[in-house]
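Colleague: Sequence and computational prediction follow.
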Amino acid sequence: MDLQYFLCWRVAPLFLLMPHGLQCMSVHVLNEQPVHVIPGSSLVLKARMVQGPLEEISMVTWEREPETGIDLVRVTLATCPGSSLKCPGTRPNVHVNMEQQETTLQINGYSRADSGVYAVTVTDRTGTNTTAHCIVREYEAVHQVSVSINVSHSSLVCGEAWGTEPNFSWLYERAAIPQTVGKVSKDGTILVLTMTPICGHFTCMVGNKLGYSSATYTAAPCETESRGTTVAIVCLVLLLLLCGGVLAFLLWRRHRHSNRGERLHEHLDDGF
């Protein structure tokens with residue numbers, strides 16, 4: 001495209017005296033595609049028009065047709081003379097602004113019916129049309145999050161049905177994933193596990209501008225810590241019982257020797 005512009009502007013002066021001039025008209029949509037719009041908000045599409053030295057814009061037309069289907073009926077949204085700064089659309093919520101090299105389409109109160117392939121057509125004074133297209137879709141909430149395990153690769157895979165721009169994150173036992181448990185892939189969909197054995201609760205959270213949803217994979221209970229705690233408690237109880245038994249034996253023995261000494265002393269007193 002840049003080469004075409006270069007040739008047009010370089011060669012155009014050579015054709016100034018030609019009856020029909022040189023065709024260098026072009027148009028392209030500035031929005032990144034596809035464009036996702038939240039229902040109820042405004043759709044704004046911008047297109048830039050480039051004219052050759054001999055070209056003059058006589059008409060700009062915005063249209064829309066379904067992205068898929070059999071009966072693709074094209075609907076005209078606005079038809080604007082090239083000299084106008086603003087022009088009304090075919091519906092009250094459709095507005096078009098015109099500038100020297102840009103045109104802007106705005107649809108307020110976007111709904112699912114407004115999704116489709118948008119076309120902006122620029123017509124020059126000779127009747128030649130140049131068209132650019134842009135795909136517009138509804139911004140979808142996150143749906144049907146699921147977590148599955150890949151046993152052969154020791155990893156958990158998080159999936160989501162059809163949400164727009166989903167962001168993935170993981171939790172282990174309701175906390176961030178430590179390095180001792182695993183490593184999350186760049187796109188966030190895979191958790192490569194490093195812990196052995198695999199135990200506990202792994203939660204995948206998926207969110208976007210409309211909210212979030214989650215799913216949890218439950219492995220076998222982590223028994224290492226609980227067993228260690230149980231063993232420690234049992235050992236402590238046995239130690240306390242042993243100490244208590246030794247102390248009781250020493251007290252009993254001391255008490256016994258004390259009683260024997262008293263009886264011996266009484267016996268000696270009686271002999272005298």
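Modeller: Sure thing, it's come through. These numbers come from a predicted model, not from an experiment.
Colleague: what are the ranges of the helices in the stretch 101-250 of the chain?
Modeller: Counting by DSSP state H, counting those that start in this stretch, residue ranges of the helices within the stretch 101-250 of the chain are 224-271.
Colleague: Flag the shaky bits of it, pLDDT-wise.
Modeller: Low-confidence segments of the stretch 101-250 of the chain, defined by pLDDT under 70: 224-232, 234.
Colleague: Strands along that one, start to end?
Modeller: With DSSP state E, counting those that start in this stretch as the criterion, the stretch 101-250 of the chain has strands at 102-107, 116-124, 129-138, 146-150, 155-159, 167-172, 175-176, 182-184, 190-193, 201-208, 211-218.
Colleague: correct me, but Cys222 touches Thr196?
Modeller: No. Using Cβ atoms under 8 Å, Cys222 makes no contact with Thr196, being 11.5 Å away. To be clear about C-beta, it is placed using only N, CA and C from the backbone, and glycine gets the same treatment.
Colleague: more neighbours, the two?
Modeller: Each of Cys222 and Thr196 has its neighbours counted (other Cβ atoms under 10 Å); Cys222 has more, 15 against 7.
Colleague: Quick check: phi and psi at that one.
Modeller: phi -80, psi 110 (degrees, to the nearest 10).
Colleague: list the contacts for it?
Modeller: Neighbouring residues of Cys222 by Cβ atoms under 8 Å, 6 or more residues apart in numbering: 199-200.
Colleague: quick one, domains of the chain?
Modeller: Taking automatic domain parsing as the criterion, the chain consists of the domains 22-137, 146-218.
Colleague: Can you say which of the ones you listed is nearest to Ile233?
Modeller: domain 146-218 (21.2 Å; Cβ to Cβ).
Colleague: mind listing what the residue lying closest to Cys158 once chain neighbours are set aside touches?
Modeller: Among residues not flanking Cys158 along the chain, Cys204 sits closest, at 3.6 Å (Cβ to Cβ, 6 or more residues apart in numbering). Contact partners of Cys204, counting by Cβ under 8 Å, 6+ apart, are 145, 147, 156, 158, 168-170, 191, 214-217.
Colleague: go on, Thr164?
Modeller: 36, 137, 139-140, 208-209.
Colleague: what does Thr216 give?
Modeller: Per Cβ under 8 Å, 6+ apart, neighbours of Thr216: 147, 201-204.
Colleague: which of the contacts of Thr164 are buried?
Modeller: Applying 16 or more other Cβ atoms under 10 Å to these, the neighbour count classes 36, 137, 139-140, 208 as buried.
Colleague: State the pair within the residues you listed that is farthest apart.
Modeller: Arg137 and Asn208 (13.4 Å).
Colleague: Wait, Leu85 touches Asn97, no?
Modeller: Yes. Using Cβ under 8 Å, Leu85 is in contact with Asn97, at 6.9 Å.
Colleague: list the contacts for Leu72?
Modeller: 65-66.
Colleague: distance of it from Trp62?
Modeller: Noted for Leu72: a distance of 17 Å to Trp62, by Cβ to Cβ, to the nearest Å.
Colleague: for Val136, same thing?
Modeller: 12 Å.
Colleague: Turn the domains of the chain into a markdown table, columns for distance to Leu247.
Modeller: Below are the domains of the chain laid out as a markdown table (distance: least, Cβ to Cβ, whole Å):
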| stretch | distance to Leu247 |
| --- | --- |
| domain 22-137 | 75 |
| domain 146-218 | 42 |
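Colleague: For the nearest residue to Val73 once chain neighbours are set aside, name its beta-bridge partners.
Modeller: With sequence-adjacent residues excluded and distances taken as Cβ to Cβ, 6+ apart, Val73 is closest to Glu65, at 6.5 Å. Beta-bridge partners recorded for Glu65 (DSSP bridges): Val117.
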